[in-house]
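J.: For reference, the sequence and a predicted model appear below.
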Amino acid sequence: MVEFDLSELTCYDGVYVEEALLEVYECIIGASGLTFGAYKILEDWDEATVTWGTQPQWSYTYEDYIVTDSSPGWWEFDISELCREWVYGTDNYGVSIYYQGSGCSFPYVYSSDYSGTSYRPKLTVDYCFDEETPYGDGFDPQDGETDVPSDSNVVFHLCDELAGIDVDTIHFSIEDTSRAPGAGGNFVGVGDPMPARHIAGDLEIDDDDIHDVVCTFDPDDPLDADVITCTVDGSLADMLGNPVGDDIVWSFSVEGIETAVQDTTWGVIKAGF
């Protein structure tokens, strides 16, 4: 079990971990062909008193290392994902290097108590400062599109190349703005502009890849408006708390309905089209 103090790293805003490598040095040879995993420790522990019987709980492995020969040397574990979690605010209780097999001769590694510094466990972190904000991309229907089938879903991507999207900050709305003030619709013979009408439905968020989160809105009823306006609130942020600031907005119209849709351009420009 090993734990590192990352306070000198996490005290800065906007730190993004590009790579984090944990290394321990094998000093006494055991059997070769063993696979050890680096596991995230889930609760506090005390170096002076912890034993096999009192060891804390740990979660799934982040990286495996296979002992391939019978010679001393460094074991290296890529724990970049885990280190990012710590930087994003998850409690840091360190890593347990664990072999789940039995009935073999185990190797030994140097601990932090080793008299020299050369072979103590070490964590090497490459990082940068992420000041980029998330953006919208892959709008379907696109901004300014006309003749959209009334049974369409609305699909859009929220992207952030480094830290990734904080899905808890996604707030989406879709409205019929055909007669709302400033919508650009045809108001001849229909009276004064009216407030926008909220369109009900379900938003599915696919965050398997937090760098490219796919959002799909499935309306409860067929779309039937001159101007339909979609908005992702400007509170959208990445995992480091960098917010978009301005709302991401795009509009389209449904087939068979006379329209005066105007490109909002904001979503198109933000997406880099």
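T.: Yes, it's here.

J.: Check which helix or strand Thr124 maps to.
T.: Taking DSSP states H and E as the definition, one finds Thr124 inside strand 122-129.

J.: Within its sheet, name the partner strands of the helix or strand just after that strand and how each one runs.
T.: Sequence-wise, the next helix or strand beyond strand 122-129 is strand 135-140, with elements assigned using DSSP H and E. Listed by DSSP bridges, the sheet partners of strand 135-140 and their directions read strand 154-159 (antiparallel).

J.: Not counting its own residues, what contacts the partner strand?
T.: Counting by C-beta atoms under 8 Å, 6 or more residues apart in numbering, the neighbours of strand 154-159 from elsewhere in the structure are 134-141, 165, 170, 174, 211-217, 219, 230, 232, 236, 250. All C-beta spots, glycine's among them, are computed from the backbone N, C-alpha and C.

J.: Mind checking which of the residues you listed are buried?
T.: Judged by neighbour count, with 16 or more other C-beta atoms under 10 Å as the criterion, the buried members of the contacts of strand 154-159 are 134-137, 139, 141, 165, 170, 174, 211-215, 217, 219, 230, 232, 236, 250.

J.: Pass me the low-pLDDT residue ranges in the stretch 151-273 of the chain, would you?
T.: 179-195, 257-273 (pLDDT under 70).

J.: now what about stretch 59-77, what contacts it?
T.: Residues lying outside stretch 59-77 but in contact with it, judged by C-beta under 8 Å, 6+ apart, are 21-27, 29-40, 42, 78-79, 81-82, 95, 97, 107, 109.

J.: Okay, and the beta partners of His157?
T.: Each beta-bridge partner of His157 is listed here, defined by DSSP bridges: Asp137, Val214.

J.: I figured Val148 hits Trp250, correct?
T.: No. Val148 lies out of contact with Trp250 (C-beta atoms under 8 Å); the separation is 11.8 Å.

J.: Counting residues, name the longest helix you see in the protein.
T.: For the chain, the longest helix by residue count, based on DSSP state H, is helix 80-88.
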